[in-house]
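# Provided below for reference: sequence and predicted model.
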There are 2 protein chains.
Amino acid sequence: MTPQPLADLIEALRCLPGIGPKSAQRMAYHLMQYDRPAAARLALSLQDALERVRRCQRCNAFSETEICARCASTKRNPALLCVVETPVDMNRLEETQAYQGFYYVLMGRVSPLDGMGPERMEMDKFLARLRDGSIREVILATNYTNEGEATAHYIATLIASANDLPPLSVSRLARGVPIGGELEFVDSGTLAQALRERRPIED
Amino acid sequence: MTPQPLADLIEALRCLPGIGPKSAQRMAYHLMQYDRPAAARLALSLQDALERVRRCQRCNAFSETEICARCASTKRNPALLCVVETPVDMNRLEETQAYQGFYYVLMGRVSPLDGMGPERMEMDKFLARLRDGSIREVILATNYTNEGEATAHYIATLIASANDLPPLSVSRLARGVPIGGELEFVDSGTLAQALRERRPIED
């Protein structure tokens, strides 16, 4: 006997990661009962983000402009490119203030179990970024999880096997990051250390 | 460096109950990265629900129509009114198929610690429902939590002190050992209550 628009809203809320049927129901009831202005705000924010948020042509992160402010900076070291899985990881590295190069955000990781094989990583944009000539070192800052390691391995192999790239050294964050750890939750000091002690990938 | 529309979306998602800044960020990134159709669907569902979901004039539950289908039924016992805190509670009681009367949904509970004093319960609609003459018994089916007990007590007092109501009996759901419950695992309070409210075995 739940009104159809409310049932639809509950169903729509389930698209949010980590939200099951009970949570979705609680959220829908809460919004309709106690916070209709918030529901209206959320609807507008969703539409606004859908219209205005796209990807930076250089770093692949979310951006409102074709080239994001970070990539447009002239104060960064154009020889360094740090590859991360997500925008959250990029923000965490920025917070350390230990890195002044540029970024490339994969927006994902190789994870065959979740149906994310390497072929779905859409690396053309990344390779094009490497071809622009200024990059001398690629720092692989994917997580030290199984998926992150596989992603780093995949990218290192991709770079090694590409024959149209300028000479590049490829490094990995030092293993100051705990095994199984995720960048998002590591303290800044450890992360800064891991940046400074990055090591070339061995064959 | 998070684009403003994305920052706004993260902020808007925090209006959902139980969602903190990290979860909101994860949700926003997930929607923008992996599931834009779901984000669009959610935005539409929110607006649709805001436009179409209102309250039933009789039972106070969510409804698309002025009187909900359940209250409009002619097959229910018009002498019984069951008072519950939320639409979820109403659905749970319906699932038992043990009740054929009508409902009144408080859409909340007396909870002074959360700023919900009795004066905010907006009981005029409830009292008007009792005055319509057909109700003979009010069953208080609020939770057996502190707040639910306080709410039941408040409503019982309200009914007793109103002098313009028809004669009404007021009851409360029985407390006791749950079906399938083992005494060993039932809490003392419940067990004590079950002892005090023991009933003669019927033939």
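That came through, no problem.
# residue contacts, the most centrally placed residue in chain A?
By C-alpha atoms, centre = their mean, chain A has its centre lying nearest to residue A:86, at 1.2 Å. With contacts defined as C-beta atoms under 8 Å, 6 or more residues apart in numbering or on different chains, residue A:86 is in contact with A:105, A:106, A:107, A:108, A:184, B:29. Just so you know, the C-beta spots here come from the backbone N, C-alpha and C atoms, and that holds for glycine as well.
# ok, which stretches of chain A are helices?
Here chain A has its helices, by DSSP state H, at A:4-13, A:21-34, A:36-52, A:69-72, A:87-96, A:124-131, A:146-161, A:188-196.
# how far off helix B:4-13 does the longest one point, in degrees?
So that's helix A:36-52. Orientation note: helix A:36-52 sits at an angle of 150 degrees relative to helix B:4-13 (axes from the mean of the first three to the mean of the last three C-alpha atoms, to 10 degrees).
# Kindly state the domain boundaries assigned to chain A.
A:4-52, A:55-200 (automatic domain parsing).
# Adding distance to residue B:69 and mean pLDDT, write these out as TSV.
TSV is the format used below for the domains of chain A (distance: least, C-beta to C-beta, whole Å; pLDDT from 0 to 100):
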stretch	distance to residue B:69	mean pLDDT
domain A:4-52	11	93
domain A:55-200	42	87
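# The nearest residue to residue A:193 once chain neighbours are set aside: neighbour count?
For residue A:193, ignoring the flanking residues on the chain, the nearest one in space by C-beta to C-beta, 6 or more residues apart in numbering or on different chains is residue A:176 at 4.5 Å. Residue A:176 has 18 neighbours, counted by other C-beta atoms under 10 Å in any protein chain shown.
# I'd say residue A:176 and residue A:190 touch.
Yes: the criterion here is C-beta atoms under 8 Å, and residue A:176 meets it with residue A:190 at 5.1 Å.
# I'd assumed residue A:82 was in contact with residue A:103.
Yes: Residue A:103 lies in contact with residue A:82 (C-beta under 8 Å); the separation is 5.1 Å.
# Mutual contacts of these two, please.
A:90, A:93.
# ok so, going back, show me the contacts for the residue nearest to residue A:193.
So residue A:176 contacts A:190, A:191, A:193, A:194, A:197 (C-beta under 8 Å, 6+ apart).
# ok, so of the residues you listed, who is nearest chain B?
In terms of C-beta to the nearest C-beta, no member of these lies closer to chain B than residue A:191, at 17.1 Å.
# nearest residue to the closest one other than its sequence neighbours?
Excluding its sequence neighbours, the residue lying closest to residue A:191 (C-beta to C-beta, 6+ apart) is residue A:96, at 4.9 Å.
# and that neighbour, how many neighbours?
By the criterion of other C-beta under 10 Å, residue A:96 has 18 neighbours.
# What of residue A:61?
Using other C-beta under 10 Å, residue A:61 has 23 other residues around it.
# try the one 5 residues further on
Look at residue A:66: counted by other C-beta under 10 Å, it has 12 neighbours.
# hmm, back to that, ok, of the contacts of residue A:86, which come out buried?
Neighbour counting over those (16 or more other C-beta atoms under 10 Å in any protein chain shown) leaves A:105, A:106, A:107, A:108, B:29 as the buried ones.
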